[in-house]
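1. Have a look at this fold, sequence not included:
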């Protein structure tokens, strides 16, 4: 037993460079922790462990740019699932835009336009509702609706940085949205 401990300790010293010569002191890392300057530990699919599972998706914005859900990690997110033919969605769009402006950089607001095959109708909806300042994702395939287990529009998913979430069905006006976002912020 003592021999095993000495061998393991010796191997650790060798791996750390034996504290030799460069003036830096080796610091023991917690198991699984990334060394300073190294990337975060990875899951088997290559995604950083700090990214909640719900944010491990890829999509495309309405203007055709690739979007990685992992880019939302680290702060609260409000996902708004809408369809261009939905009168509830059309009515609440301006309130969603106001709430996004109110919370600024503290909360990410992401629109998910789906349940429509015509991309032009999605873009027209964004223009008519004044929600062009939000990140708007093109979900004509319904993959994001399925990923978040959303079954109807208008729906919201309020996600904390740790990945816990709550949901609500719309229409939600500005006061209701603010209440949910305030709860999300704690």
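-> Cool, got the structure. On a predicted model such as this, the values are computed, not experimentally measured, just so you know.
2. burial count for residue 128?
-> 12 (other C-beta atoms under 10 Å). (Each C-beta comes from the backbone N, C-alpha and C, glycine too.)
3. quick one, what contacts it?
-> 90, 93 (C-beta atoms under 8 Å, 6 or more residues apart in numbering).
4. quick thing: my sequence starts at 20, can you match it?
-> Sure thing, new numbering starts at 20, so read that last one as residue 147.
5. Please give the element, helix or strand, for it.
-> Assessed by DSSP states H and E, residue 147 sits inside helix 138-148.
6. Now that helix: buried residues?
-> For helix 138-148, burial by neighbour count (16 or more other C-beta atoms under 10 Å) applies to 141-142, 144-145, 148.
7. Relative to residue 143, how far out is the most centrally placed residue in the chain?
-> Central residue of the chain (C-alpha atoms, centre = their mean): residue 91, 3.4 Å from the mean position. Separation of residue 91 from residue 143 (C-beta to C-beta, to the nearest Å) stands at 26 Å.
8. Double-check that residue 186 belongs to a strand.
-> Yes. Per DSSP: H, G, I helix; E, B strand; the rest coil, residue 186 lies within a strand segment.
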